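Chemist: Dropping the sequence and predicted coords here.
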Amino acid sequence: MRQYFQCGRFGFDLAAKPLVMGILNVTPDSFSDGGRFQSLEFALSRAEEMASEGVDLIDIGGESSRPGAPGLALDEELRRVMPVLYALRDLGKPLSIDTYKPEVMREAILAGVDMINDINAFRAPGALEAVAGSDCALCVMHMQSTPQTMQQEPVYADVVREVTDFLRERVEAMLAIGIERQRICIDPGFGFGKTVEHNYALLRNIGNMQRELGLPALAGVSRKSMIGAVTGKPVEQRLAGSLAGALAAVAQGARIVRVHDVIETVDALTVWQAATIH
């Protein structure tokens, strides 16, 4: 697997250490922290806090993708995310935008975003064209159905094979229009059209998927229902389970973990690395 990861203004040696991506939701209805960082002032304060905690990337999201979430109008998404993106440009950390809308991608690229994280795997008409000429990192994620319906009855014959094949097809489409491999990472899409059993099968196999596709894998399990399903804990009590999930993903080979709890994850990974370096 190629170890260099091009991320806009930044580059990472993924062989050195796994990256921690901090979640910055500027939405009133996120499943975990909806409304907490909705104002520009609070969003900037949280971003600065994450930077001081050792975050590697900050992922800004203006539209909730929790199961059953309604869609968001383009103008409202731009209103939520663009002021935050502009305000954080000089923070010294790579900035990611969590969006599936090509119009938001184009505006974010003009503003200098470093990464685009698309739950829809750049399938919207114009999405690939919007990002092709940039130097942004691109996260291509698997999702069965849509956020509105994805958890109603997810079914697979072989979830690992089907998710891997989907990601391969999307990566091939990206390479075919000239997007460089060093800009691409993959995400199995934990919780996006999967049962608890599907999620843990993917977690056990994330390293195999990464090796088969030859691309770094991003794991986003933080505070999700797959954690609550096995611990019996509500969202606000899923820190320990989320840390275990992040460490399990990294132990399997994932190179990026997307988390709410930055300082705790940074500390856990630091100890894990110290214990595993030979």
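Modeler: Nice, thanks for sending it over.

Chemist: mind listing the helices for the stretch 151-278 of the chain?
Modeler: 159-176, 196-213, 225-231, 239-252, 262-276 (DSSP state H, counting those that start in this stretch).

Chemist: any chance of those helices in TSV, with mean pLDDT and distance to Ser52 too?
Modeler: Backbone N, C-alpha and C define where each C-beta goes, glycine included. What follows is the helices of the stretch 151-278 of the chain, written out as TSV (pLDDT from 0 to 100; distance: least, CB to CB, whole Å):
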stretch	mean pLDDT	distance to Ser52
helix 159-176	98	34
helix 196-213	97	29
helix 225-231	97	26
helix 239-252	98	19
helix 262-276	96	9
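
Chemist: Could I get these in CSV, plus columns for distance to Asp187?
Modeler: Listed next are the helices of the stretch 151-278 of the chain as CSV, based on distance: least, CB to CB, whole Å:
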stretch, distance to Asp187
helix 159-176, 8
helix 196-213, 9
helix 225-231, 14
helix 239-252, 11
helix 262-276, 17
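
Chemist: So which of these is nearest Ala127?
Modeler: Closest to Ala127 of the helices of the stretch 151-278 of the chain, according to CB to CB: helix 159-176, at 10.1 Å.

Chemist: From the chain's centroid, how far away is the closest one?
Modeler: With CA atoms, centre = their mean, to the nearest Å as the basis, helix 159-176 stands 17 Å off its chain's centre.

Chemist: related to what we said a few turns ago, looking at the helices of the stretch 151-278 of the chain, which is nearest to Ile184?
Modeler: Of the helices of the stretch 151-278 of the chain, nearest to Ile184 by CB to CB is helix 159-176, at 6.0 Å.

Chemist: quick one: buried residues of that closest one?
Modeler: By neighbour count with 16 or more other CB atoms under 10 Å, helix 159-176 contains the buried residues 159-160, 163-164, 166-168, 170-171, 174.

Chemist: residues in contact with it?
Modeler: In this structure, residues lying in contact with helix 159-176 by CB atoms under 8 Å, 6 or more residues apart in numbering are 121-123, 128, 138, 140, 142, 156, 181, 184, 186, 188-189, 194, 198, 201-202, 205, 208-209, 212-213, 215.
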